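Participant: Based on what follows, work out the 3D shape:
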Amino acid sequence: MTEETIVAPATPQGRGAISMVRLSGPEAFQIARKIFKPSGKITPRKALYGRFYDFLEKAFFDEGLGIFYREPHSYTGEDMVEFTPHGNPVIVWRLVELAVTAGARLARPGEFTYRAFINGKMDLIRAEAVEELVEAQSLEGVKLSFSQLQGSLSRKIEELRESLLSAAVLLETGMEFPDQGIEIEETRLKEALETALKKIKEMLALFETGKQLLEGITLVLVGKPNAGKSSIFNALLEEERAIVTEVPGTTRDFLREKLIVEGVAFIVIDTAGMNPEPRDEIEREGMRRAELLIEEADGVILVLDGTTPLEAADRKLIDMTRNKKRIVLLNKADLPLILDPGKVRELTGQPPLVVSATARRGLEKLRETLRDVFLKNISPQKLYVNSRQRASLQEAARYLKEALDLRDEELVAEQLRGAIAALDQLLGKITSGDVLNTIFSRFCIGK
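Facilitator: Numbering: from 1, shown residues only. Predicted coordinates for the structure are as follows:
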């Protein structure tokens, strides 16, 4: 337990019907009673109506609810109080100021969840899931991170750790007490390590899909100036988000918006047109950024102007996006087409979708293609691994692979200890302060 009591808003800044302010620490109840005057007897874990009192001004200034939690039966594992005043930032921050005056300090980002972690209320995987649940970009992402919060991955890792620990204990006991006749069959040990390695590989395979469900699938619109990228962007979003004119090169940087398809978020990015002869430094920088976005994106929509022959910029983009998941559009189908779809198919290796962004033709087929290309292999799943967790699993897998190649029992035991330590890092059983600071610093204040 910590000796300090912390306070922070637990809801985003802004106006609304209600907000929440959270107190946690040994003096939470004492401080809360100075600010909150309940209408009845305080009963832990029961919402109680009361009025909020400014003890400096000696006046009431709002009314709402207060919930008191006795340790260890709280989110943080400490004495904790949650106030629910009206959602005016003036009220929220006056409650925080009064709590600080009464002896609390403002919480650091992620400190409530950090305290839950160090007080044994959750392991590090569940702690990370709190942030991922709040930041998820789609309903499927919310479901996935909630499953993680409920322990879907933690249980798998604990089971894996216990199986490796059992093998390590038996192996080391046999080495320490050879006269006791304790032996471990080499075949059984090998099977145990191979099974563990297989389970790790299965979990590692969940990384990419989990990332896309949580963060969204990044989809970049590319094409030469005036190919109609911004019109396609607006049509997909069904709003006039990008400025569209007959003047080539309207988009100088990039625009980013979210599109939900079957519960999965697409982060759609409209980029600057690829002009072989940029007019100025701004256009050149916009093109450089577009190339970086193409490289990092999960997929690309390549927009070709069907009313003009293929140009050097088109051919460059065809080559640049060849190894990406890609949809090719032949735009401006409301006008006489010059560009032959067969020629485009020959160059790109895929049939183009003939569309008109301005006439809204072919857009439903585009949405169907988005589902087929990007969502066909994405199915709802109960667990995932993030980048930090993937690194620990990869480290555990490396130790197990090395153990399988060894015959010396002492060396095998050493590799087993390394694999178990990697899983302990994953769960947060052994984690450096720097790692914890990095993880929790990503959190919003009040979490």
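
Participant: what about Ala272, distance to Met320?
Facilitator: Going from Ala272 to Met320 by C-beta to C-beta, to the nearest Å gives 14 Å. C-beta coordinates here come from the backbone N, C-alpha and C atoms, glycine included.

Participant: So between those two, which is more surrounded?
Facilitator: The neighbour comparison of Ala272 against Met320 (other C-beta atoms under 10 Å) goes to Ala272, with 26 against 17.

Participant: Might one say that the more buried one is in contact with Arg289?
Facilitator: Yes: assessed by C-beta atoms under 8 Å, Ala272 is found in contact with Arg289 at 7.1 Å.

Participant: What is the three-state secondary structure of Tyr53?
Facilitator: In three-state terms, and counting by DSSP: H, G, I helix; E, B strand; the rest coil, Tyr53 is strand.

Participant: ok, now Thr438?
Facilitator: Look at Thr438: counting by three-state DSSP, its state is helix.

Participant: That one - how many residues pack around it?
Facilitator: The burial count for Thr438: 11, using other C-beta under 10 Å.

Participant: How much space separates it from Ala196?
Facilitator: 28 Å.

Participant: ok, now Gly16?
Facilitator: In terms of C-beta to C-beta, Gly16 sits 49 Å off from Ala196.

Participant: Of these two, which one has the most company?
Facilitator: Neighbour count, other C-beta under 10 Å: between Gly16 and Ala196, Ala196 has more, with 23 against 11.

Participant: Remind me which helix or strand the more buried one belongs to.
Facilitator: In the assignment (DSSP states H and E), Ala196 maps to helix 186-204.

Participant: Strands of the stretch 51-200 of the chain, start to end?
Facilitator: Assigned by DSSP state E, counting those that start in this stretch, the stretch 51-200 of the chain shows strands spanning 59-69, 80-84, 86-87, 105-106.

Participant: Redo these as CSV? Include mean pLDDT and distance to Asn331.
Facilitator: Output for these, formatted as CSV (pLDDT from 0 to 100; distance: least, C-beta to C-beta, whole Å):
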stretch, mean pLDDT, distance to Asn331
strand 59-69, 97, 54
strand 80-84, 97, 51
strand 86-87, 96, 45
strand 105-106, 96, 53
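
Participant: nearest to Glu346, of the ones you listed?
Facilitator: Nearest to Glu346, of all the strands of the stretch 51-200 of the chain, is strand 86-87, at 59.5 Å by C-beta to C-beta.

Participant: Tell me which other helices or strands that closest one touches.
Facilitator: With contacts defined as 3 or more C-beta pairs under 8 Å, 6 or more residues apart in numbering; DSSP states H and E, the packing partners of strand 86-87 are strand 16-18, strand 59-69.

Participant: Now do the buried residues in the longest one.
Facilitator: Taking 16 or more other C-beta atoms under 10 Å as the basis for neighbour counts, the residues of strand 59-69 that come out buried are 62, 64-69.

Participant: what's it packed up against?
Facilitator: Other elements packing on strand 59-69 under the criterion 3+ C-beta pairs under 8 Å, 6+ apart are helix 28-35, strand 36-38, strand 48-54, strand 80-84, strand 86-87, helix 89-101.

Participant: Please give the centre-to-centre distance between that strand and its chain.
Facilitator: 34 Å (C-alpha atoms, centre = their mean, to the nearest Å).

Participant: So what touches that strand?
Facilitator: Residues outside strand 59-69 that contact it (C-beta atoms under 8 Å, 6 or more residues apart in numbering) are 18, 29, 32, 36-38, 42-54, 75, 79-86, 91, 94.
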